[in-house]
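Engineer: A structural model of the following input is requested.
(2 chains)
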Amino acid sequence: MSVFLQLKHLLKSTNAGERLFDIDEFSIRENTCIVLSGRNGAGKTTLLKILAGLDKPDHVDILYDGERMPWKLAQQKMRLDVVYLHQQPYMFDRTVAENIAYGLRRSGLKQAQVDEKVDQALQWAQLSKLAARNARQLSGGEKQRVALTRARVLSPRLLLLDEPLANMDINAREQTIHLIQRLKSEGVSTIVTSHEPYISTLIGDEHRHLCKTGPCRYTVVKPFLFQRNMTQRPRQSTPHKISESREPSTDLDHEENAGLVNESTVNRSDTTMNKDSSVPQQQITAVILAGGLARRMSGQDKGLIEINGRAMIEHIIEALSPQVGSILINANRNLDQYGRYAFPVIEDLMGEFFGPLVGMASGMQATNTDYLLTVPCDSPFIPPVLAERLFHELQDKKADISVAHDSTRMQPVFALLRKELLPSLMTYLEDGGRKIDTWYAEHRLARTDFSDWPDAFININTPDDKKSVEQKMTHQKDVHKT
Amino acid sequence: MTQLLETSRQALVLLFSGDPALWSIVNISFSVSLRAVVIATPVAFLLAFLLAHARFPGRRVLISTFNTLLALPAVVVGLTIYMLLSRNGPFGDLKLLFTQTGMVIGQIVLCFPLLVAFSHATLQAADQRAWETAVTLGAKPWQAMLTLMYEVRYGLIAAVTAAFGRIIAEVGSSMMIGGNILNYTRNITTAIALETSKGEFAQGIALGIILLLSALLLNFALSFIQARGDTAP
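Structural biologist: Numbering: from 1, shown residues only, chains lettered A, B, ... in the order given. Sure thing, here's the model as predicted:
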């Protein structure tokens, strides 16, 4: 499928002059459905309006069908080829049939042709009964269907749907999803923005997340491409300095630049992959949950606290790298710093600091591997057998979730989950649920014993914890060296 | 008292007997004011649209200017145009003084600010999505503009009605520019002024009734239209 529209170096500022986003590249292939997620205010709607030629970017280089062209010309083509649908579709104050005929009447068709197409479209969307009604008097779901039909009769190349499922009841949702799927089968490319990640599993071919990676910098991340090999890590937004000169460092106490995971570390981990062939390592994505508020650490971002000179998250990445196929970092603050580790940084897909379940859901949504391994960002002693053991227990018990258990209690954030749980998790979250234990209880749970790894669940909640962990780590290393 | 009753009786006779002189005056009034509104409206709508949706330097000043000009006294408009059109004035060669065309010009000047101010307020408040939806469905900018105007049609009709109501009832500019020539530039308001000064109240009252009825009718239509616009979601 060929790329028909490609935008490069897309810059857009808000009216107040603040940089809204800065996107290196955004291309749209024919016959593809892209699900676009991102926080409120990340610029999803603005991006769609630019793609529809309704809003003007500060700067953009456009390739349209491979042809470079100035914005004005591209804008005219976009207005013809692309149709944008508002989150709450606007209905002209006329009948349903007249609404659907609106674009056709302005395309130079004869009256009879317009009438015929409108009739067909009304049938297609099962709106024939409503044809003579004033479109303003319809329900939200009906309006959405009229808007989709009104766009479809124009045979656009690209359809932009802004939150098409927002504020809809189950029935209207199903109908809308069904219509979108049919549009897809007719060869129309679509971009759908949504807060609801499971829509991407229903209709999406690609998923992109509009992600804030710094105070004023947004970048499009494509999480679906992230699985596979660790060495083929995605390009990151900030320049990535891999110091060739640096030794494969074992001296962890003296890192001036605590920011970067040493490339050699990761390479080494690739070669020392887990030999146990029964663990489908490539099908496991690890999510480091660093999205919390860390109230007890006076709001300091836990993942970035330095333990013996390196950020905590580096210790965790190092421990996880040999165990899984890919790593995601779930964070809501300091995205720039987390972005430096060259792993995709995923923001919570809903709410404001709603807790670890949202982080898990965000991770599940951002990957298409079969399993998701979650770990907290404040437990630096991750057992090297974590993924393996959790997986075997999951298999043995035929469970959906495998949770780590020390001798006394469950450690719910150390878990391996099946990707299929995403819809259930989303429903739970949307219904207002936040508690891990309650949600876990709805599923087949395997408790995996880690009582032989007493340090595994040590976490850092207070500055004192930090000191004792540092001592322990130094001690372990000494033992290791000797 | 008996005199007042007597003149009122005469007025009603005049009204219902189809007195040609009376109806010629009414005809002139409506013809002049209608022409003024028909000419002023499209230009005013276009300007109002630009003020509402285009961004250009001086836009704010223009909006304030038109809002201020709502208070323009008809006599001052009459005086100014009289001077412009009089034989010694810059447009004296056009020979428009004491013609219906002159009256139309005066009334255009009077109703234009009102049309712009009212329709600007209406278009400004229009749903932004209407424009975007029209454009994304392939409408050219001018088509989208017409669509937007259609969407807010009740507000625009109200503006036109209010403008017509203002100029059909004004006397100052018609009197000065038209000159109150019988069967040519004598309209309802100038006729009432003349008959009253002559002490012939019967025709004055008859014309007054017509003016009053049209004003009431217009205002009723106006509030009806506005109510209609309000109920349309």
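
Engineer: Hmm, residue B:86 is touching residue B:95, no?
Structural biologist: No: using C-beta atoms under 8 Å, residue B:86 is not in contact with residue B:95, being 10.5 Å away. Yep, even glycine has a C-beta here, placed from its N, CA and C like the rest.

Engineer: out of these two, which sits in the more crowded spot?
Structural biologist: residue B:86 (15 against 12; other C-beta atoms under 10 Å in any protein chain shown).

Engineer: contacting residues around the more buried one?
Structural biologist: B:92, B:97 (C-beta atoms under 8 Å, 6 or more residues apart in numbering or on different chains).

Engineer: ok, residue B:77 to chain A distance?
Structural biologist: The gap separating residue B:77 from chain A is 36 Å, by C-beta to the nearest C-beta, to the nearest Å.

Engineer: count of neighbours near that residue?
Structural biologist: Counted with other C-beta under 10 Å, the neighbours of residue B:77 add up to 22.

Engineer: ok, the closest residue to chain B within the stretch 151-300 of chain A - how many residues close by?
Structural biologist: When scored by C-beta to the nearest C-beta, the stretch 151-300 of chain A has residue A:154 as its residue closest to chain B, at 6.3 Å. For residue A:154, the neighbour count with other C-beta under 10 Å is 21.

Engineer: That one against residue B:138, yeah?
Structural biologist: Yes: with contact defined as C-beta under 8 Å, residue A:154 and residue B:138 form a contacting pair (6.3 Å).

Engineer: What distance do you get for residue B:155 to chain A?
Structural biologist: Going from residue B:155 to chain A by C-beta to the nearest C-beta gives 12 Å.

Engineer: now swap in residue B:129 and tell me
Structural biologist: From residue B:129 over to chain A the distance is 4 Å, taken as C-beta to the nearest C-beta.

Engineer: so what's that residue closest to, chain neighbours aside?
Structural biologist: Among residues not flanking residue B:129 along the chain, residue A:90 sits closest, at 3.7 Å (C-beta to C-beta, 6 or more residues apart in numbering or on different chains).

Engineer: who's in contact with residue 171?
Structural biologist: No chain in the question, so chain A it is. Contact analysis of residue A:171 by C-beta under 8 Å, 6+ apart lists residue A:141.

Engineer: look at chain B instead
Structural biologist: B:74, B:189-190, B:192-193.

Engineer: any low-confidence regions in the stretch 301-450 of chain A?
Structural biologist: The stretch 301-450 of chain A contains residues with pLDDT under 70 at A:342, A:350-353.

Engineer: All the helices of it, residue numbers only.
Structural biologist: A:312-320, A:335-339, A:356-365, A:386-396, A:422-430, A:436-441 (DSSP state H, counting those that start in this stretch).

Engineer: Which one of the ones you listed lies nearest to chain B?
Structural biologist: Of all the helices of the stretch 301-450 of chain A, the one in closest proximity to chain B, counting by C-beta to the nearest C-beta, is helix A:422-430 (26.7 Å).

Engineer: gap between the closest one and the chain center?
Structural biologist: 15 Å (C-alpha atoms, centre = their mean, to the nearest Å).

Engineer: Could you check how far the residue nearest to the spatial centre of chain B is from residue B:69?
Structural biologist: By C-alpha atoms, centre = their mean, chain B has its centre lying nearest to residue B:164, at 3.1 Å. Look at residue B:164 and residue B:69: by C-beta to C-beta, to the nearest Å, they are 17 Å apart.

Engineer: for chain B, longest helix please?
Structural biologist: Ranked by number of residues, the top helix in chain B under DSSP state H is helix B:20-53.

Engineer: Quick one: list the elements packing against it.
Structural biologist: Counting contacts by 3 or more C-beta pairs under 8 Å, 6 or more residues apart in numbering or on different chains; DSSP states H and E, helix B:20-53 is packed against helix B:59-69, helix B:100-124, helix B:141-151, helix B:153-168, helix B:188-198, helix B:201-231.

Engineer: now what about the third one, what contacts it?
Structural biologist: By that I understand helix B:141-151. Under C-beta under 8 Å, 6+ apart, the answer for helix B:141-151 is A:92-93, A:102, A:106, B:45, B:49, B:123, B:126-127, B:130-131, B:134-135, B:139, B:156.

Engineer: try 7 Å this time
Structural biologist: A:92-93, A:106, B:45, B:49, B:123, B:126, B:130-131, B:134-135, B:139, B:156 (C-beta atoms under 7 Å, 6 or more residues apart in numbering or on different chains).

Engineer: which among those gets closest to residue A:321?
Structural biologist: Of all the contacts of helix B:141-151, residue B:135 has the smallest distance to residue A:321: 50.3 Å, by C-beta to C-beta.

Engineer: can you list the residues of chain B near chain A?
Structural biologist: B:127, B:129-130, B:132-133, B:135-139, B:143, B:147, B:151, B:232-233 (C-beta under 7 Å from any C-beta of the partner chain).

Engineer: quick check, nearest of the contacts of residue B:171 to chain A?
Structural biologist: Lowest distance from chain A to these (C-beta to the nearest C-beta) belongs to residue B:74, with 36.1 Å.

Engineer: show me what contacts the nearest residue to that closest one once chain neighbours are set aside?
Structural biologist: With C-beta to C-beta, 6+ apart as the criterion, residue B:74 has its nearest non-adjacent residue at 3.5 Å, and that residue is residue B:172. By C-beta under 7 Å, 6+ apart, the contact set of residue B:172 is B:73-75, B:78.

Engineer: Drop the exposed ones from those and show what's left.
Structural biologist: The neighbour count (16 or more other C-beta atoms under 10 Å in any protein chain shown) marks B:74, B:78 as buried among the contacts of residue B:172.

Engineer: With pLDDT, secondary structure and distance to residue A:34 added, can I get the contacts of residue B:172 in a markdown table?
Structural biologist: Formatted as a markdown table, those follow (pLDDT from 0 to 100; DSSP: H, G, I helix; E, B strand; the rest coil; distance: C-beta to C-beta, whole Å):
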| residue | pLDDT | secondary structure | distance to residue A:34 |
| --- | --- | --- | --- |
| B:73 | 93 | coil | 62 |
| B:74 | 93 | helix | 62 |
| B:75 | 94 | helix | 66 |
| B:78 | 95 | helix | 65 |
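
Engineer: just to revisit the earlier point, pull the most distant pair out of the contacts of residue B:171.
Structural biologist: B:74 and B:192 (14.7 Å).

Engineer: Show me what the helix or strand containing residue A:60 is packed against.
Structural biologist: Taking DSSP states H and E as the definition, one finds residue A:60 inside strand A:59-64. Contact partners of strand A:59-64 among helices and strands, from 3 or more C-beta pairs under 7 Å, 6 or more residues apart in numbering or on different chains; DSSP states H and E: strand A:3-13, helix A:71-81.

Engineer: on that earlier part again, isn't the residue nearest to residue B:129 right up against residue B:128?
Structural biologist: No: in this structure, residue A:90 is not within contact of residue B:128 by C-beta atoms under 7 Å, at 8.9 Å.

Engineer: out of those two, which sits in the more crowded spot?
Structural biologist: Comparing residue A:90 with residue B:128 by other C-beta under 10 Å, the one with more neighbours is residue A:90, at 21 against 11.

Engineer: what pLDDT does that one get?
Structural biologist: Residue A:90 carries a pLDDT score of 95 in this model.

Engineer: go on, residue A:463?
Structural biologist: 78.

Engineer: on that earlier part again, deepest of the helices of the stretch 301-450 of chain A, which one?
Structural biologist: Compared across these, helix A:356-365 shows the largest average neighbour count, a mean of 26 (mean count of other C-beta atoms under 10 Å in any protein chain shown).
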